[in-house]
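Asks: Pasting the sequence and the predicted model now:
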Amino acid sequence: MRDHLERRARRRRLLARFAVVACLPYLTLKLLWVAGADVGVKDLGSLSRGQWIAANAVTFGMDAIAALIAHVLTRPGGRHVRAWLILFPMWVATGMLVALTVTLPVSQGIIATTGAQNPAASNDMLRPWVFGVVYGGLGAEGLVLLAAFALYADERWGGLLRTRVRDLTDPAGTQGMQRVLTGIALGFLVSSGMLHVAWGLGSDVGMNAQWIARRNAISRTGDLVHGLAALTGAAGLHALVFRRWARVRVRVPLAMAWTGAGVVFGSSGWMDVGRSPATSALLDVGNTADLIAGLLTLCVGCFALTELTADKGRTIPPSTPGSHHLAAASRPEPRPDR
């Protein structure tokens, strides 16, 4: 068993190192732009130099955090880092990277199949090779970083992740409050999901003429991915908090809620700098709903994880099936699923 754990730890460290390397092209290009170099830039158009530098400084910082987390995942002491320092940025990164790694290949496939115009090839601001460097690097980063994090989470919280939903308890008596917050979040997630699915399938409800004119295969695919993620996240969150899918392991609905809510939060417009006015009021409402849904999901997750991992194995009585899983979650070394 120890040999298996060592092999898994080596795989996690190797994947995390690949993630650090995958971050380098994006970080290098962003750093050059922040420093004033116009490598790969054709024309900033209506953007001022200050807006351009600010936007690139923010995105450089975000990817630098991802690279730092990847580095932490390579270290033996990574399991002892405070959970929130890993989980919050990884949740945001998961949402953004999953949306990117799904949207771009699918939309490029649609463009190749239908002969639709490729926005990257006709972009007036950046040269075509920039999109390959930026999005190719981010796609590779997403795949290896998320794989490394999945192994890390299993090492650190494997007992909890392998517990069945029916065996989860309410050690601090906050489940009622969690259900209230979840009910509100579900309303926002389902509403946003249905709206974005409709947009992804070709509806122009709530759009003005400018917005409709700017639509393309990438934006429609992104809306569809966003909508499906929101609905998936709602299903997973409902199953966890309301104890549905009783015989399913926690890791299944948790992965759905984690990824779905992460995509929604990452797409909620909270980091937009000088967003184009060629949208509509409905998009602003949708972004606000996404932001609220993400924050509510974050609150519920913080309560649940803190309670279940701080209970030191007393969450479920020893005679109850599955109690050994929660006990294992609080031990320094992962235990086999008996």
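Replies: Received it, and whenever you're ready, just let me know what you need.

Asks: how about the nearest residue to V92, chain neighbours excluded?
Replies: Distances taken as C-beta to C-beta, 6 or more residues apart in numbering place G266 nearest to V92, at 5.9 Å, with adjacent residues excluded. For every residue, glycine as well, the C-beta is placed using N, CA and C.

Asks: Can you report how many residues lie near that neighbour?
Replies: G266 is flanked by 24 other residues according to other C-beta atoms under 10 Å.

Asks: again with P76
Replies: 8.

Asks: Quick check, pLDDT for it.
Replies: We have a pLDDT of 81 for P76.

Asks: mind checking how far it is from F60?
Replies: Distance, P76 to F60, using C-beta to C-beta, to the nearest Å: 29 Å.

Asks: again with G294
Replies: Following C-beta to C-beta, the distance that separates G294 from F60 is 23 Å.

Asks: quick one, which of the two is more surrounded?
Replies: Neighbour count, other C-beta under 10 Å: between G294 and F60, G294 has more, with 26 against 18.

Asks: Skipping adjacent residues, who's closest to that one in space?
Replies: In space, G294 is closest to F265, 2.8 Å off (C-beta to C-beta, 6+ apart).

Asks: give me the element that neighbour is part of.
Replies: helix 251-266 (DSSP states H and E).

Asks: Got phi/psi on R164?
Replies: According to degrees, to the nearest 10, the main-chain angles of R164 amount to phi -80, psi 150.

Asks: let me fix that: D154
Replies: Dihedral pair for D154: phi -70, psi -40, per degrees, to the nearest 10.

Asks: Let the chain start at 243 from now.
Replies: Yes, from this point I'll number from 243; that puts the last item at D396.

Asks: quick one: pLDDT of it?
Replies: 91.

Asks: Report the separation between it and G292.
Replies: 45 Å.

Asks: what's around S445, how many residues?
Replies: Residues lying near S445 (other C-beta under 10 Å) number 14.

Asks: can you check G287 too?
Replies: 8.

Asks: and the spatially closest residue to it that is not a sequence neighbour, what is it in contact with?
Replies: Closest residue to G287 apart from its sequence neighbours, by C-beta to C-beta, 6+ apart: M367 at 5.9 Å. Each residue near M367 by C-beta atoms under 8 Å, 6 or more residues apart in numbering is listed here: 283-287, 289.
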